[in-house]
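>>> dropping the sequence and predicted coords here.
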2 protein chains.
Amino acid sequence: MSLDLRPSEALGLWHAATLEHVRVIGPDLTIRQVAILLHIYLAAPPHTVRGLAALLGVTKPVITRALDTMGHMGLVRRVRDERDRRNVVIKRTVEGALFVEKLGDIIILEGRRLAAPEDSQSS
Amino acid sequence: MSLDLRPSEALGLWHAATLEHVRVIGPDLTIRQVAILLHIYLAAPPHTVRGLAALLGVTKPVITRALDTMGHMGLVRRVRDERDRRNVVIKRTVEGALFVEKLGDIIILEGRRLAAPEDSQSS
DNA sequence: TCAATGTAATACGGTTCCGTAACGAATGAG
DNA sequence: CTCATTCGTTACGGAACCGTATTACATTGA
């Protein structure tokens, strides 16, 4: 499962899907938040603040703030680790899973639509 | 030129490339700014504030601010339209073209790397 | 000439994010 | 028990973004 994209395909896909993302989802998520959200939903748990900060190369408050925002949107959930109560484990939610699925649909749809670059107004 | 992605491919690519984007480029660009930038560099000119606002479904001040920020980074350039001096035409820059190219490289590289999800630390 | 329209920019109050620094809570070694 | 370490959060000042409303300028047409 390896994708061999040509430059026009890679950028064309990014172009179309990002536009659609802005139109459908709006400005609520930053690039960092998207990266964090996808990692939580696609990589194997457990996920901690410290681990996510190291993964993205950012400071811990960045993760804390992103979890605040996305938690408020219902996309993720914080649970205190009972084995080591200093840790917080980030859990998935049904709403977050639906969100990620929707994002995947946008990417797939825009990938299929790549042949017609001028038809980006429908739906 | 149409891409038929499976859900795991679409989200896996988004996951890897977004993570790498955050790591390499940092927090300077919002999703809206990325969408605007890619449209300027991939869609046929001319590009105007009004046109971009309609394309993304946002108000014109959003575009004005994004052009301020990206212009300050050297990624785009504003030129007054001499035929109708109410209009501003957004022009590409060498620095912006290099930036878009770099983003394309990230996407292509992460697409090729999709088979090994645990090896996202090199380069 | 002068009013009406169109375009982009600016002003405003509010919210969020940024990085650095400081902070409490929990753990574990001595 | 004491104290250094680790973890996540909060505080702070500064910057950017948000949407709405307003402004300045150019163009159009009566």
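Okay, I see it. Numbering: from 1, shown residues only, chains lettered A, B, ... in the order given.
>>> just the element for whatever residue of chain A ends up closest to DNA strand D, please.
In chain A, the residue that lies nearest DNA strand D is A:Arg50 (2.8 Å; C-beta to the nearest atom of the strand). C-beta: built from backbone N, CA, C; applies to glycine. Per DSSP states H and E, A:Arg50 falls inside helix A:49-56.
>>> buried by neighbour count: which residues of that helix qualify?
Of all the residues in helix A:49-56, those buried under the rule 16 or more other C-beta atoms under 10 Å in any protein chain shown are A:49, A:52-53, A:55-56.
>>> one step back: residues in contact with the residue of chain A closest to DNA strand D?
A:Lys60 (C-beta atoms under 8 Å, 6 or more residues apart in numbering or on different chains).
>>> equivalent analysis for the one 3 residues further on, please.
Taking C-beta under 8 Å, 6+ apart as the definition of contact, the neighbours of A:Ala53 are A:59-60, A:62-63.
>>> if we can go back for a sec, any idea how far the residue of chain A closest to DNA strand D lies from B:Arg23?
Here the criterion is C-beta to C-beta, to the nearest Å. By it, A:Arg50 lies 17 Å from B:Arg23.
>>> once you drop chain neighbours, what's closest to A:Leu42?
Spatial nearest neighbour of A:Leu42, excluding adjacent residues (C-beta to C-beta, 6 or more residues apart in numbering or on different chains): B:His15 at 4.8 Å.
>>> the one you found: neighbour count?
When counting by other C-beta atoms under 10 Å in any protein chain shown, one arrives at 25 neighbours for B:His15.
>>> so how far is A:Ala16 from it?
18 Å.
>>> what does A:Ala54 give?
According to C-beta to C-beta, A:Ala54 and A:Ala16 sit 32 Å apart.
>>> again, but for A:Arg77
For A:Arg77, the distance to A:Ala16 equals 32 Å [C-beta to C-beta].
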